[in-house]
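Visitor: here's my sequence, what's the structure:
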Amino acid sequence: MAGERALVFMDDGIAYIMDVVQHEGGLWLVPEWLVGNSRTHRLPRRMVSLAGCLVRHTPEGPAEWTVSDAIPKSIFDGSAPPSERQRYDVHELPDLAFRIPK
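Guide: Reported below is the predicted structural model:
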């Protein structure tokens, strides 16, 4: 899955658009990307599993997916405590690379 995005509601009451990738049979949010050394691939800075969230496919609108559950903003900026990070299955700097579309 490349180029798909999700509309994500956070606990600050604001909706954000984030990239979505498929990994380990599930959907993951990628709030921030790093560019690989070759500049042909991008690397997720952080990935957040959507396994425990209410997600619906929305083919019309600003994104292909909508996450109905409010997610704490601290999950996406890296400041969440370990217990909260575990609840949402957050992976920091996962060993994954995705080709940058031309």
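
Visitor: so who does the most centrally placed residue in the chain touch?
Guide: The residue lying closest to the centre of the chain (CA atoms, centre = their mean) is residue 29, at 1.2 Å. By CB atoms under 8 Å, 6 or more residues apart in numbering, the contact set of residue 29 is 6, 8, 18-20, 47-48, 50, 67, 76. Quick note: C-beta positions are derived from backbone N, CA and C, even for glycine.

Visitor: got a winner among these for most neighbours?
Guide: The residue in these with the most neighbours, by other CB atoms under 10 Å, is residue 8 (28 neighbours).

Visitor: where does the residue of the chain positioned farthest from its centre fall, phi/psi-wise?
Guide: Distance from the centre of the chain peaks at residue 38, with 23.0 Å (CA atoms, centre = their mean). Per-residue torsions, residue 38: phi -80, psi -10 (degrees, to the nearest 10).

Visitor: what do you get for residue 96?
Guide: When read as degrees, to the nearest 10, the backbone of residue 96 gives phi -140, psi 150.

Visitor: can you offset everything so residue one is 820?
Guide: Noted, 820 is the first residue going forward, which turns the last one into residue 915.

Visitor: run through the bridge partners of the nearest residue to it once chain neighbours are set aside.
Guide: Distances taken as CB to CB, 6 or more residues apart in numbering put residue 863 closest to residue 915, at 6.1 Å, once the chain neighbours are dropped. Under DSSP bridges, the beta-bridge partners of residue 863 are residue 852.

Visitor: check residue 886 too.
Guide: residue 827, residue 874.

Visitor: same thing with residue 823?
Guide: residue 839.

Visitor: this completes my enquiry, with thanks.
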